[in-house]
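Chemist: sequence unknown, structure follows:
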């Protein structure tokens, strides 16, 4: 686990420039012409002064933003351990020498290899072995493990797969990433961004900081501002939080991604815990009151808080059996068959307790009474078989217990074939929905009664 800087390097964005005066070719500077007859051009990015002063840094003047960013990061706490540079065979790989300390640029080994790379790049045939040597030389003098990878222009499936292989090979589990999106073809940073989204899950990438050297963006054209795209990381975390809610029902990540204060976050966490393991509580309104005091107006905080309020409000307004029904369907959708059977059976039992008894939910007496009442009710509607089949499947899923129920054809099939399980599950949902259509019994509310339960009146 460490920090990795990922940079792109491409062909120069500007015209060929004179080695002496750095003007574009066809230079008319007489001093330059005298110094270098014919004024042969050298391709490179335009030199810029990148301003890191807003990041507790300084300014760096260089044609290559990645070099400036590396120097800045190395001056800060938690510097990168690795620098991955991605480009094509025609990219100006020799420009990476700009990252070196000035005294190292005159090192014979650096000069020799830089010149060879320059010639190979001009011919368009830089190769991986040469760039491996170049990365090793740079690593020796930079204090960071530098890797140069040829990935192609990204306009073909093959190029894109090469790019994925390169990034995947150099990112380790739990890494923090800094991605320089300044140079190279614009499709490459976009592709890399989506690849990193995938790595967030496959390698548990901790964070992603996208950084752009915004050439000529500022009002002072002599200084180039450095832009951090922090919103990208926030939106990534927000998207993950919404996805977790959708697929698991867990709404705590919404609160975390929304940046709620510690007290409110702890209240949400406690509410989610009670909602899951002990849904007889009175914490819902207290959490809603806290969330009402949170009024973000920006993205992603506002939609996250709105979604969180809506989700918590369900605890106060929706029948527990209906909520368990929703969770059962979600579990079945994700092929969590054990969880689906447990939740559906418990939803049916919960519906029976509230509609056929005046017992407190969660008591053994209430559960036993509800089971008998449901059997009687289901028998009259030719649904008893569904209830018994589901009970047997639930027992096997929960306890791995074998009983006489497993000789029932539907139970045996549901335990061996997912399609048969889904048929029984669908019949169980139908039974539950018919139960839910019954008006609940009235019952005096005690101080421990959950605000999540619906008001009860006499069942007829």
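Modeler: Cool, the structure landed. Bear in mind the structure is a predicted one, so any value in this text is a computation, not a measurement.
Chemist: for the closest residue to residue 387 other than its chain neighbours, phi and psi?
Modeler: Closest residue in space to residue 387, ignoring its immediate chain neighbours: residue 378 at 4.9 Å, by C-beta to C-beta, 6 or more residues apart in numbering. (C-beta placed from N, C-alpha, C; glycine too.) The phi and psi torsions at residue 378 (degrees, to the nearest 10) take the values phi -70, psi -30.
Chemist: try residue 173
Modeler: Reported as degrees, to the nearest 10, the phi and psi values for residue 173 are phi -60, psi 130.
Chemist: got it, and the one 3 residues further on?
Modeler: Here the main-chain torsion angles of residue 176 (degrees, to the nearest 10) amount to phi -100, psi 130.
Chemist: That one and residue 207 touch, don't they?
Modeler: Yes. Contact criterion C-beta atoms under 8 Å: residue 176 and residue 207 qualify, at 4.9 Å.
Chemist: For the residue nearest to residue 387, give me its contacts.
Modeler: Neighbouring residues of residue 378 by C-beta atoms under 8 Å, 6 or more residues apart in numbering: 384, 386, 387, 431.
Chemist: So it versus residue 271, what's the distance?
Modeler: 34 Å (C-beta to C-beta, to the nearest Å).
Chemist: Could you do residue 132 as well?
Modeler: Taking C-beta to C-beta as the measure, residue 132 falls 55 Å from residue 271.
Chemist: More neighbours: these two, which one.
Modeler: For residue 132 versus residue 271, the count of surrounding residues by other C-beta atoms under 10 Å is larger for residue 271: 22 against 12.
Chemist: Cross-check the contact I'm expecting between the more buried one and residue 283.
Modeler: Yes. A contact is recorded between residue 271 and residue 283 when judged using C-beta under 8 Å, the distance being 5.0 Å.
Chemist: Pass me the low-pLDDT residue ranges in this protein, would you?
Modeler: 12-44, 218, 279-282, 361, 401-406, 442-460 (pLDDT under 70).
Chemist: The residue nearest the centre of the chain: what secondary structure?
Modeler: Residue closest to the average C-alpha location in the chain (C-alpha atoms, centre = their mean): residue 240, at 4.6 Å. Reducing the assignment to helix, strand or coil with DSSP: H, G, I helix; E, B strand; the rest coil, the entry for residue 240 is helix.
Chemist: before we move on, what about the one 3 residues further on?
Modeler: Following three-state DSSP, residue 243 is assigned to helix.
Chemist: For residue 307, see how far away it is.
Modeler: In this view, residue 243 and residue 307 are 12 Å apart by C-beta to C-beta.
Chemist: Mind checking which of those two has more residues around it?
Modeler: Looking at residue 243 and residue 307 with other C-beta under 10 Å, you find the greater number of neighbours at residue 307, namely 18 against 11.
Chemist: Can you name the residues that contact the residue lying closest to residue 52 once chain neighbours are set aside?
Modeler: In space, and not counting its chain neighbours, residue 52 is closest to residue 72: 4.5 Å by C-beta to C-beta, 6+ apart. When contacts are counted by C-beta under 8 Å, 6+ apart, residue 72 touches 52, 55, 57, 58, 60.
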